[in-house]
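*Asks:* Please work out how this folds:
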Amino acid sequence: MQTTPSTSTTTTMTAVAQRRYGSADTLTVEHVALPEVGDTEVLIETVAAGVDRGVWHLMTGTPYLVRLAGFGVRRPKNPILGMDIAGRVVAVGSSVHGFAPGDEVMGIAKGSFAEYAVADTDKLVLKPAEISFEQAAVSTVSGITALQALTTVGRVEAGQRVLVIGASGGVGSFAVQIAKALGATVTGVASTSKLDVVSSLGADAVIDYTTTDIADLDEQFDLIIDIGGRTRLSDLRSVLTERGTLVIVGGEDGGRFTGGIGRNLRAVVLSLFIKQRLTFFIASESRTYIDPLVELLVAGDVVPAIGRRANLAETPDAIRAIERGDVCGKAVIIVGDDAS
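*Replies:* As a prediction, this is how the structure comes out:
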């Protein structure tokens, strides 16, 4: 394994650790051993890491299907939270090609709320100089989810009318911008205090869900990206064109065991008997999607919305803020001194 001189003698690091599922109160800042680097992995010195709603699900272990998906049934398999990362490569595995110590990178890691984290090279790209570490740190997970929802799954076309429910959140803030970049007319749904943010992202129109029901809209949409997860299928269908597409991203309703999977499955089954296409998906964590996302970032078509900044010790507070719905876009954890 090839390493930089500074890490050849380093054996421990500071990290935000979690030994059991639960609230942000279960998180502690600890000194832990550096993670081992596999043959196809690299060790990254973290400059910044992104936080979104998905981190909360992994922290709490809910819905319980999360645990069965390989994250640990009784306790977290990896005690270090965090996936989004931006930083510098300090060590590479024996089979790694295309990355070397000193490279600035962004992507998805295993436990990015730490001074160092390991990432598979299939989930990593070189960070362009045009993108700051902060921007890079909050982009990958939410950005590629939004990109897949719109393109691979939603099959969006220029000129189509797109409705984004949950437009002020991590995935939603990317979805609004990517849809605009692809030539769609975009309507964003958010709460009262976040409408200005959604407008600033480029939405052509905004809807306040606290005062307007989706079913009461007098417009129909070719594509609906539902990130909020609580709107009834019948209401969504009522504002979808005859052959329109609904893409459900995750789901925040449905209980502790299955989350929104029940509604998601009902949508797929119903889709078999109607002209509208109702679907959901699990995002693919692949460089295949990170590369086109980076192109949009470099071109300036997408500018990550960062609603909160925190240091490692403040990570629990950042997660609590997201749980309360106080954060527009993503929160970023600043680990290095040169994140901006």
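
*Asks:* ok, so what distance separates V153 from V16?
*Replies:* 32 Å (C-beta to C-beta, to the nearest Å). For every residue, glycine as well, the C-beta is placed using N, CA and C.

*Asks:* any low-confidence regions in the stretch 1-150 of the chain?
*Replies:* Applying pLDDT under 70 to the stretch 1-150 of the chain picks out residues 4-9, 62-73.

*Asks:* All the strands of it, residue numbers only.
*Replies:* Shown for the stretch 1-150 of the chain, the strands assigned by DSSP state E, counting those that start in this stretch span residues 2-3, 12-18, 27-33, 41-51, 84-92, 104-108, 116-120, 124-126.

*Asks:* Name the nearest residue to G172, ignoring sequence neighbours.
*Replies:* G166 (4.3 Å; C-beta to C-beta, 6 or more residues apart in numbering).

*Asks:* same deal with N78?
*Replies:* That would be G111: by C-beta to C-beta, 6+ apart, it lies 5.4 Å from N78.

*Asks:* pLDDT of the helix or strand harbouring L246, averaged?
*Replies:* Element membership for L246 (DSSP states H and E) is strand 240-249. Throughout strand 240-249, pLDDT has a mean value of 96.

*Asks:* can I get the CA coordinates of stretch 189-197 in PDB?
*Replies:* This file holds the C-alpha atoms of stretch 189-197, laid out as PDB (Å, rounded to 0.1, in the frame of the first residue of the first chain):
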ATOM      1  CA  VAL A 189     -43.000  22.300  -3.300                       C
ATOM      2  CA  ALA A 190     -41.700  23.400   0.100                       C
ATOM      3  CA  SER A 191     -42.700  25.100   3.400                       C
ATOM      4  CA  THR A 192     -43.400  28.800   3.700                       C
ATOM      5  CA  SER A 193     -40.000  29.800   5.100                       C
ATOM      6  CA  LYS A 194     -38.100  27.900   2.400                       C
ATOM      7  CA  LEU A 195     -40.000  29.100  -0.700                       C
ATOM      8  CA  ASP A 196     -37.400  31.900  -1.400                       C
ATOM      9  CA  VAL A 197     -34.600  29.400  -1.300                       C
END
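
*Asks:* Can you lay out the strands of the stretch 1-150 of the chain as JSON lines showing mean neighbour count and distance to A184?
*Replies:* Output for those, formatted as JSON lines (neighbours: other C-beta atoms under 10 Å; distance: least, C-beta to C-beta, whole Å):
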{"stretch": "strand 2-3", "mean neighbour count": "16", "distance to A184": "45"}
{"stretch": "strand 12-18", "mean neighbour count": "21", "distance to A184": "38"}
{"stretch": "strand 27-33", "mean neighbour count": "14", "distance to A184": "39"}
{"stretch": "strand 41-51", "mean neighbour count": "28", "distance to A184": "25"}
{"stretch": "strand 84-92", "mean neighbour count": "26", "distance to A184": "25"}
{"stretch": "strand 104-108", "mean neighbour count": "25", "distance to A184": "26"}
{"stretch": "strand 116-120", "mean neighbour count": "24", "distance to A184": "32"}
{"stretch": "strand 124-126", "mean neighbour count": "19", "distance to A184": "26"}
